[in-house]
Structure formats: C-alpha cells, structure tokens
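Visitor: sharing a model that was predicted from the sequence below.
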Amino acid sequence: MLKKTNEVFKLDGILELVEKIKEDIVQTVGQERLYVSFSGGLDSTVVALLAKDALGSDRVTLLNVCFGPYSFSKGIQAVLSLSAQMGLRLFFIPGEDEQTALMYHGPNCNSCTKNIKMGQVRKFVYKGIIASGANLSDSWGKTGIKFMDGFYSPLIGLEKVEIRKILEYYGVTIPKIGENYNREGCKLKHLLKMNVSKDFHARAVCFSNEVIHDILDQFEYERSIANVKIIGPLSKNIALVNIKPFPDKAIQDEIFSVLSAESSINEVWFADKPIELEILANPGIYNNMDSKYWVLNGRLAPEFSCPVTAVWKKSRNNKLHTFAVTGFRYI
C-alpha cells in the first residue's frame, strides 16, 4: 500500500508500490504474452502502463470490446489516443450483438462484464494471459482473487486513490467524456428497462447519451456526472437527464429542445430534485432485501445527480431477468 502523510502520498511509497506490482507481473506472466482488457479508463490504463514497464511493449497487447453504437464515440477516441501514447498494439473485438441479446432481459452490467467483455476477450486470446483492472472498487476486486482461469488482476487489493497516484507517477492523462467521474464507456447501461427494440429503446439511450456530451462540450461545461436514463413502460421512453453540477437555463433549454425532437423519446425531465423511482423487479430480486439494496444504492444511485429512493413492485414478466424502472416522481 502507498505510504501517506496527511493523505499526501510520498514519492518513495509510489515507487515502492510500482516496483512491487511490476515484479508481480513479471513473476505471474513468465514467458507468456499479456493481453490487457482495455477500456481506456483509469484502471485498465494503469495496468497497461505497469505491464509495458515490466515486460516491454512487444509482449503487451491491448484488447477493447467495442459495442458499436452502445460505445461513446469519445470513448473509442480515448482508447485510440491512449494506445498510441503508450506505443502498444490495439485490437477491437465486436460485442454489439451479444450485448443487445443480454440486455433484452433487462439491465445486467455484472453479466455483461463477466460473460461478454471478458468472454469475448477469452475467445480472442487462444494463448497467453489476460489482465484486467479489477480492484477494490468493483465486485471482482473485492473477492481478492488475483489469478483464475487465465485472468490476472495486478491491481487487486488497491483503492482508487492509489491507482490514480500510479497514473500520476507515469504522467499520463486519460481523456474524459464526462459521463461519470469514476466509470464511463457504455451507453446501454443507462437504459433502465428491457432492450426489446433497437429502433426504439436502444436508439433513445444511444442518441440521448451521445448528444448530451456534445451540448455540454459546446457550452464548455465541466461536469462530474452527465447521463440520460431512459425509463418508463416498454411503450414509452422517458428521458431522465442527470447533470452534476446542475446547469443553467440556457443549457437546460438546449438539451430539452434536442431530446424532445428525437422521435424515440416521448418525455424529457431533469433530475434536479430528489426523486422516487418505481422499480419493477424479477421475483429473485424483489424477494431479496440485499439485492434490492444493491440495485438502488450500488447500481442506480451513484449515477444519478440527485438523491433517489424507490418503491418496488414484483414483476410477472418471466422475460425480465433483472429490473426495470417504469416511472418516477419528484419528492
């Protein structure tokens, strides 16, 4: 762990941690090639930097699972820019069809990460070791398992603050798209119901979450959160706009005008005050207090710009495997 004095990291602590991880990479990888599951975010970038430093650029390859329209255009640009900065070869692996099929049954980010992101990488890599950026900020990192079934997590046991300090040590800046301070990269995670129609449900979430950043960039507006949640019954797409800090009226009016003109969006609202979500849940989630707590507080609340609570209803639709936010009200 890094040494701290009044929450300020000492240089020798950073060097010590970097050298320790590099040594672990060398010992774990041996003579194999290392493939980094690369999103262009903080964690995977730090893994790539450490791996290149430890093994050399010839033995490290970046793999990005690209979800087509579900990926932010700026996210793809960031992946390309960072791979060029680091001088590492990069391959894109398609995952759009697999994600479309999975999200037909409702939001399921954990399964997407495990079965699609890592699954597509596994199909691509027939020989070698795959590195992920798993750390204490995610569910896999909390297991403490560093190596399993060909997947290696060199940042296991680290907190985000430590990972950011390693990035600072290497002097690399990660391009931001502004979706969220900690996590970004997938538009489909903001569709909070079943993805039954690509021309209606998927189009609404892809269009709104791409254009909102174009508008905010046009106004040069700095934000820590910016996304559009698509909620409502299957017959209606309600766009719930989340921006933090909340913008002035000129920006609100521009966003409202553009989103209201989109044919796949029926209503536009701003999350500018506390709200209560109406959540329809699969019986497995509905009957489990821990699951409901995680959906609300672990999955939803961190990406909202206002406090959220929930009223729960049990679903009778056996095609809904997770949950769907069918409505909301201001409180």
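Guide: Looks like it arrived, so ask away. The shown structure was predicted, so the numbers you read here are calculated from the model rather than taken from an experiment.
Visitor: all helices of the stretch 51-200 of the chain, in order?
Guide: Listed in chain order, the helices found in the stretch 51-200 of the chain under DSSP state H, counting those that start in this stretch are 73-86, 96-103, 109-111, 118-124, 160-170.
Visitor: buried residues in the lengthiest helix in the chain, which are they?
Guide: As assigned by DSSP state H, the longest helix anywhere in the chain is helix 11-29. The neighbour-count criterion (16 or more other C-beta atoms under 10 Å) identifies 13, 14, 17, 18, 21, 22, 24, 25, 28, 29 as the buried residues of helix 11-29. Where C-beta positions appear, they are placed from N, C-alpha and C, glycine not excepted.
Visitor: include pLDDT when you put those into a markdown table, please.
Guide: Shown next, in a markdown table, are the buried residues of helix 11-29 (pLDDT from 0 to 100):
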| residue | pLDDT |
| --- | --- |
| 13 | 80 |
| 14 | 86 |
| 17 | 94 |
| 18 | 95 |
| 21 | 96 |
| 22 | 97 |
| 24 | 96 |
| 25 | 97 |
| 28 | 95 |
| 29 | 95 |
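Visitor: now distance to residue 241 too, for the residues you listed, in TSV please.
Guide: Shown next, in TSV, are the buried residues of helix 11-29 (distance: C-beta to C-beta, whole Å):
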residue	distance to residue 241
13	41
14	39
17	40
18	41
21	40
22	43
24	43
25	42
28	44
29	45
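Visitor: ok, so of those, who is nearest residue 176?
Guide: residue 14 (22.5 Å; C-beta to C-beta).
Visitor: how about the contacts made by the closest one?
Guide: With contacts defined as C-beta atoms under 8 Å, 6 or more residues apart in numbering, residue 14 is in contact with 2, 165, 166, 168, 169.
Visitor: at 6 Å what do you get?
Guide: Residue 14 makes contact with 165, 169 under the criterion C-beta atoms under 6 Å, 6 or more residues apart in numbering.
Visitor: same question, residue 158
Guide: Counting by C-beta under 6 Å, 6+ apart, residue 158 touches residue 135.
Visitor: shaky segments in the stretch 1-150 of the chain?
Guide: Counting by pLDDT under 70, the ranges of the stretch 1-150 of the chain that qualify are 1-12, 138-143.
Visitor: number of residues surrounding the closest residue to residue 233 other than its chain neighbours?
Guide: Using C-beta to C-beta, 6 or more residues apart in numbering and skipping residues adjacent in sequence, the residue nearest residue 233 is residue 326, 5.5 Å away. Residue neighbour count, defined by other C-beta atoms under 10 Å, stands at 19 for residue 326.
Visitor: between the helices of the stretch 51-200 of the chain, which one is closest to residue 45.
Guide: When those are ranked by proximity to residue 45, the top entry is helix 73-86, at 5.9 Å, counting by C-beta to C-beta.
Visitor: which of the residues in the closest one are buried?
Guide: By neighbour count with 16+ other C-beta under 10 Å, helix 73-86 contains the buried residues 74, 75, 76, 78, 79, 82, 83, 86.
Visitor: let me know the closest of those residues to residue 201.
Guide: So of those, ranked by how close each gets to residue 201 (C-beta to C-beta), first place is residue 75, at 20.7 Å.
Visitor: from residue 202, how far off is that closest one?
Guide: Applying C-beta to C-beta, to the nearest Å, one obtains 17 Å for the distance of residue 75 from residue 202.
Visitor: helix or strand: which one has residue 48?
Guide: With the criterion set as DSSP states H and E, the secondary-structure element containing residue 48 is helix 42-55.
Visitor: contacts for stretch 146-155 next, please.
Guide: The contact list for stretch 146-155, computed with C-beta under 6 Å, 6+ apart, reads 21, 25, 28, 47, 129, 130, 131, 132, 133, 134, 135, 156.
Visitor: look up how far residue 131 lies from residue 169.
Guide: Residue 169 sits 18 Å away from residue 131, taking C-beta to C-beta as the criterion.
Visitor: these two: who's more crowded?
Guide: With neighbours defined as other C-beta under 10 Å, residue 169 and residue 131 compare such that residue 131 has more, 28 against 17.
Visitor: could you double-check that that one sits in contact with residue 33?
Guide: No - proximity of residue 131 to residue 33 does not meet the contact threshold set by C-beta atoms under 6 Å, at 10.8 Å.
Visitor: walk me through the domains of the chain.
Guide: In the domain annotation for the chain, the residue ranges read 4-170, 188-330 (automatic domain parsing).
Visitor: give me the number of residues near residue 159?
Guide: What residue 159 shows, counting by other C-beta under 10 Å, is a neighbour count of 15.
Visitor: tell me the contacts of residue 62?
Guide: For residue 62, the set of contacting residues under the criterion of C-beta under 6 Å, 6+ apart consists of 36, 38, 83, 88, 90.
Visitor: which of these are buried?
Guide: Buried subset of those (neighbour count, 16+ other C-beta under 10 Å): 36, 38, 83, 88, 90.
Visitor: tell me the contacts of residue 268?
Guide: For residue 268, the residues meeting the contact criterion (C-beta under 6 Å, 6+ apart) are 239, 256, 259, 260.
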